[in-house]
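Chemist: Predicted model follows, preceded by the sequence.
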Amino acid sequence: MLEILKQGGATIIPLLFCSVVSLAVALERLIYLKKAKGNNFKLLETVRLKLSKGKMGEVKKIAMNAKGPIAGMLEEGIKYYGQGKEELRSNLELIGQNEIKKLEKRLGVLDLIATISPLLGLLGTVLGIIDSFNILAGAQGMATPAALSSGISEALISTAVGLVVAIPTMLVYTYLLGLVQDRIEDINYWFVDLVEALSQGDNNVQI
């Protein structure tokens, strides 16, 4: 396999780098997004119960230990506890936007790799064909098949590696994008409940 890759020309190195980055980002995002699927119903029910008893300190601990964007919004939104619904809604919308940015973080890297990998492969193809023509020109049309095969091999290997990197990256990117959309739908679904929970201010709350 290494010998085959060596025959792929100069573009193989950046393609291998792209494959390593793609794998690392994909694994990190997959783990993060899977963990971001929290039990929001249980979380908000517990929060309502604790707030009804004035136990803000326990709510803070629950928010810190919980997973997912709703938990993140709760952790940041606690400081606005007891505000009017409209003001609280505006503040939570800003917090929600930050949570969405966290969900989308580094997905652009996968999109970029999926886009440039075929182009790098195409560049390698062009360079390989140029090498073949240079061999023909140097040999004045009398080049042996073995001499020509190196340039053709470089062209084909580079194209193949570019596609091997791009196709899985695009598939993973699409899948992760779907997970992000699911988490955003969770935010939209539970947003009203979160506003309701945090808008019930109580002078007896234990900070």
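Modeler: Alright, I've got the coordinates. Numbers count the residues shown, from 1 in each chain.
Chemist: Show me what stretch 12-25 is in contact with.
Modeler: 5-6, 8, 106, 109-110, 113, 116-117, 120-121, 124, 157-158, 161-162, 164-165, 168-169, 172 (CB atoms under 8 Å, 6 or more residues apart in numbering). C-beta coordinates here come from the backbone N, C-alpha and C atoms, glycine included.
Chemist: Can you give me the buried ones in that stretch?
Modeler: Neighbour-count burial for stretch 12-25, counted by 16 or more other CB atoms under 10 Å, picks out Ile12, Pro14, Leu15, Cys18, Ser19, Val21, Ser22, Val25.
Chemist: lowest-confidence helix or strand of the chain?
Modeler: One helix or strand of the chain scores below all others by mean pLDDT, DSSP states H and E: helix 2-6, with a mean of 54.
Chemist: Following that one in sequence, what is the next regular element?
Modeler: Remark: after helix 2-6, the chain's next helix or strand is helix 12-35, criterion DSSP states H and E.
Chemist: Distance from the chain centre to that next one, please.
Modeler: 9 Å (CA atoms, centre = their mean, to the nearest Å).
Chemist: Can you name the element that comes right after it?
Modeler: Counting by DSSP H and E, what follows helix 12-35 is helix 40-52.
Chemist: hmm, back to that, JSON lines for the buried residues of stretch 12-25, including distance to Phe41?
Modeler: Formatted as JSON lines, the buried residues of stretch 12-25 follow (distance: CB to CB, whole Å):
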{"residue": "Ile12", "distance to Phe41": "50"}
{"residue": "Pro14", "distance to Phe41": "47"}
{"residue": "Leu15", "distance to Phe41": "45"}
{"residue": "Cys18", "distance to Phe41": "41"}
{"residue": "Ser19", "distance to Phe41": "40"}
{"residue": "Val21", "distance to Phe41": "37"}
{"residue": "Ser22", "distance to Phe41": "35"}
{"residue": "Val25", "distance to Phe41": "31"}
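Chemist: Throw these into JSON lines and include pLDDT and distance to Lys35, thanks.
Modeler: Shown next, in JSON lines, are the buried residues of stretch 12-25 (pLDDT from 0 to 100; distance: CB to CB, whole Å):
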{"residue": "Ile12", "pLDDT": "86", "distance to Lys35": "35"}
{"residue": "Pro14", "pLDDT": "91", "distance to Lys35": "32"}
{"residue": "Leu15", "pLDDT": "92", "distance to Lys35": "31"}
{"residue": "Cys18", "pLDDT": "94", "distance to Lys35": "26"}
{"residue": "Ser19", "pLDDT": "94", "distance to Lys35": "25"}
{"residue": "Val21", "pLDDT": "97", "distance to Lys35": "22"}
{"residue": "Ser22", "pLDDT": "96", "distance to Lys35": "21"}
{"residue": "Val25", "pLDDT": "97", "distance to Lys35": "16"}
